[in-house]
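> Quick one, fold the following:
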Amino acid sequence: MSAASASSAHPPEDIRGSLIPVLPDDLALHCLALLPRAAHPSLALVSRALHDLLCRHPEPLLAARRRLRRSDPHIIISVRPPYPASPRFFLLLPHPGWPPLPLPSPPIPVSSSSAVAAAGHRLFLVGGSVGGIPATSVQILDTRTRSWSIGPRLSSPREFAAAAVLPGALFVAGGCVPSSPFWAEALDLDSPCAKWSQVPSPDHLREKWMHGCVSLAGKVLAVADRGGLLYDPAAPPGEAWVPVSPALDMGWKGRAAVVGGIFYSYDFMGQVKGYDPETDAWNTVEGLEKELPRFLCGATLANVGGLLYLVWEGKCKEKASNEEGKAKGMVVIEWATIEVMRVEEGRLIGKVISRDTILFTDMPRGSAITHCIALDL
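Model prediction:
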């Protein structure tokens, strides 16, 4: 082999990079950012450098994807250990084979009674309790940099509140004593110096604890101890708060998600149901009986890129006699992505298009899902 051919086969050291040896790292990063996120689990197995970039320190890749407008929906879940402690947060990619990416713990160790909402790449962790005392903290996770910051403090301490993002505003309600003048309040997300402002609400509709909350068509729907509430910020002040319809209230069982204008909930009978606000009726999502377990423990839902994302607590299948120590320190979480179609007479037909099982090897047995929310990265 000639010297010229040898030099062409091996780029100079100042050009070769750690990600793709024949390319400098900045060009390799650009190429990797163009690939679909579904390819990342396989790429992470190629080399230690790619594994570190994709699984441990993805910030440069996320920045490159933002520049190229190649963002994808992701899932953030929080898992609460079976003893008094702050939940741990993980970032998931809704593609099979993708391991959970641990996120830093929030600076204020609030309990799982906090509420969450997402706007763009930011996750808002609202209220909760510290040492059994309701908190006024608002903690903001920037998922691009995987770092937390402290937001404007709430006007009322809260736990088990309702939180939702409306156009340009973060809205919270409940979770405090019903007599508080700031039982409901809002924060302007477009102003960096904004403070919480009072949202007037009628005394007779106020409840203390909120068990679920969604945003539907610019309105906030929340389920409380004695029925659901609807808040419409565009309505006149005297008409902004009303009870939800009896049909919706009877079928809403806590955690829920809105996909394509349909309100989905998982009920105590092991069924995924959808509520159509136009017909004021619930319909069971058909076609899932053979694709999902009969009952899903701790099931919660999210809207992931226009698809219904269902996540639940699975069972560890390792035999205790062989791997007893490993089984004691492992949590199994399963998920499924479901495409739902509306057909004649309001029927809903679902099809599982992807499914996976995720092992959380550093979470103790008995841990539970507390939050599940989607955002774009």
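> Near Ser197, how many other residues are there?
Other residues lying near Ser197 total 12 when counted by other CB atoms under 10 Å. Glycine gets a C-beta too; all of them are placed from N, C-alpha and C.
> what helix or strand does the nearest residue to it once chain neighbours are set aside sit in?
Nearest residue to Ser197, sequence neighbours excluded (CB to CB, 6 or more residues apart in numbering): Ala186, at 5.7 Å. Secondary structure here is read from DSSP states H and E; on that basis Ala186 sits in strand 184-188.
> what's the answer for Ser113, then?
Using DSSP H and E, no helix or strand contains Ser113.
> just Ala247 next, same as before
helix 246-251.
> what are the C-alpha coordinates of that helix, in PDB please?
Once side chains and other backbone atoms are set aside, the C-alpha atoms of helix 246-251 remain, and they are given as PDB (Å, rounded to 0.1, in the frame of the first residue of the first chain):
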ATOM      1  CA  PRO A 246     -72.900  14.200  35.000                       C
ATOM      2  CA  ALA A 247     -71.800  11.800  32.300                       C
ATOM      3  CA  LEU A 248     -68.200  12.900  32.300                       C
ATOM      4  CA  ASP A 249     -68.200  13.000  36.100                       C
ATOM      5  CA  MET A 250     -69.400   9.500  36.500                       C
ATOM      6  CA  GLY A 251     -66.800   8.000  34.100                       C
END
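> If you count neighbours, what's buried in it?
Leu248, Asp249, Gly251 (16 or more other CB atoms under 10 Å).
> same thing with stretch 143-150?
Within stretch 143-150, the residues that qualify as buried by neighbour count (16+ other CB under 10 Å) are Thr143, Arg144, Arg146, Trp148.
> ok, now stretch 164-176?
Under 16+ other CB under 10 Å, the buried positions of stretch 164-176 are Ala164, Val165, Leu166, Ala169, Leu170, Phe171, Val172, Ala173, Gly174, Gly175, Cys176.
> rounded to a whole number, what's the mean pLDDT of that stretch?
Stretch 164-176 shows a mean pLDDT of 94 in the predicted model.
> Kindly check the end-to-end length of that stretch for me.
One end of stretch 164-176 to the other measures 16 Å (CA to CA, to the nearest Å).
> chain center to stretch 258-276, what's the gap?
Going by CA atoms, centre = their mean, to the nearest Å, the spacing between the C-alpha centre of stretch 258-276 and its chain's C-alpha centre is 17 Å.
> Just the buried positions in that stretch, please.
By neighbour count with 16+ other CB under 10 Å, stretch 258-276 contains the buried residues 258-259, 262-266, 271-276.
> now stretch 150-160
Counting neighbours by 16+ other CB under 10 Å, the buried set in stretch 150-160 is Gly151, Pro152, Leu154, Ser155, Ser156, Pro157, Arg158, Glu159, Phe160.
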